[in-house]
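Chemist: sequence plus the predicted model coming up.
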Amino acid sequence: MKFFSALSILLFSLFFACAPDVCNQSTTHKAKIKFYSYGSNPETVYSLDTISVWGLGETVEIYTKKANKDTINLPLRLTNDSSLFVIVSSSVKDTLTIKHTTAHFYISQACGYGYKQDITGIECTKHIVDSVAISNSSLEQNVKENIKLYY
């Protein structure tokens, strides 16, 4: 009987010791951009009727004619220090340039390496956009917003 209990403890230990690690952490984060109404109350959230967004450089379509959006999440490039996007709303195009730093760091054996990105500057054409501001420069999970875009 002792043999079977010792054997079961040994097998139990080996099974859980060799179980693969599980990665519950994201290795990259997106820039969260929230739209606001420029005017008498600049903190009024603005919802766009339709929006399309393309990433320049790879010409990646991120959003296609999404309706009633007040927030978008944009992936920043990992290999360059700036990311360019075209935002189309009401058939008017604006170009958004986000300058950033990217550093990689070791998370764990299961997750491997992750990327920490910080926004260092932002520029935007002003065809329909009035102004733009950085509200939180560090891209992190569960951040309310990184960039305020005023319409």
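Modeler: That came through, no problem. Numbering: from 1, shown residues only.
Chemist: just the pLDDT for the most centrally placed residue in the chain.
Modeler: Closest residue to the average C-alpha location of the chain: residue 30 at 0.7 Å, with C-alpha atoms, centre = their mean. Here, the pLDDT recorded for residue 30 equals 92.
Chemist: from residue 125, how far off is it?
Modeler: Distance, residue 30 to residue 125, using C-beta to C-beta, to the nearest Å: 22 Å. C-beta coordinates here come from the backbone N, C-alpha and C atoms, glycine included.
Chemist: swap in residue 144?
Modeler: Counting by C-beta to C-beta, the gap from residue 144 to residue 125 is 25 Å.
Chemist: look at those two and report which has more neighbours.
Modeler: Taking neighbours as other C-beta atoms under 10 Å, residue 144 and residue 125 compare with residue 125 leading, 14 against 9.
Chemist: I'd say the more buried one and residue 94 touch.
Modeler: Yes - shown here, residue 125 and residue 94 form a contact pair, counting by C-beta atoms under 8 Å, at 4.8 Å.
Chemist: so what's residue 33 closest to, chain neighbours aside?
Modeler: Nearest non-adjacent residue to residue 33, counting by C-beta to C-beta, 6 or more residues apart in numbering: residue 147, 4.5 Å away.
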